[in-house]
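*Asks:* Here is a sequence together with a model predicted from it:
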Amino acid sequence: MDILPKKKKFIHLAAASSRIPVLGEEHIPDLDPFLLFKELFKNSNRSFLLESGKGPIETAHYSIFGSSNPNY
């Protein structure tokens, strides 16, 4: 899995900010993003799932999900 920002950059950013977005990217054939979302966030009532629409494979195969941080 490719994770961004890299550790060195994350530490640098953390010195100036208390919030740093982290991205993990992995291609997993035959994975249903909705089922993964349901399992990861089944206990969260403040989570989101964004899915790209129909179109070319280069732009229409992304799923973005996350949850709010209760500390903020």
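*Replies:* That came through, no problem. Numbering: from 1, shown residues only.

*Asks:* Please identify the helix or strand for Ile57.
*Replies:* Counting by DSSP states H and E, there is no helix or strand that carries Ile57.

*Asks:* how about the strands of this protein, start to end?
*Replies:* Applying DSSP state E to the chain gives strands spanning 2-4, 23-25, 47-51, 63-67.

*Asks:* Just put those in a markdown table and tack on distance to Pro33 and mean pLDDT.
*Replies:* Backbone N, C-alpha and C define where each C-beta goes, glycine included. Formatted as a markdown table, the strands of the chain follow (distance: least, CB to CB, whole Å; pLDDT from 0 to 100):
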| stretch | distance to Pro33 | mean pLDDT |
| --- | --- | --- |
| strand 2-4 | 17 | 92 |
| strand 23-25 | 13 | 87 |
| strand 47-51 | 7 | 93 |
| strand 63-67 | 4 | 88 |
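
*Asks:* In CSV: the ones you listed, plus distance to Phe34.
*Replies:* Conversion of those to CSV gives the following (distance: least, CB to CB, whole Å):
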stretch, distance to Phe34
strand 2-4, 22
strand 23-25, 18
strand 47-51, 7
strand 63-67, 8
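
*Asks:* Just send those back as a markdown table, with mean neighbour count and distance to Ile11 too.
*Replies:* Formatted as a markdown table, those follow (neighbours: other CB atoms under 10 Å; distance: least, CB to CB, whole Å):
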| stretch | mean neighbour count | distance to Ile11 |
| --- | --- | --- |
| strand 2-4 | 11 | 14 |
| strand 23-25 | 9 | 16 |
| strand 47-51 | 13 | 27 |
| strand 63-67 | 14 | 22 |
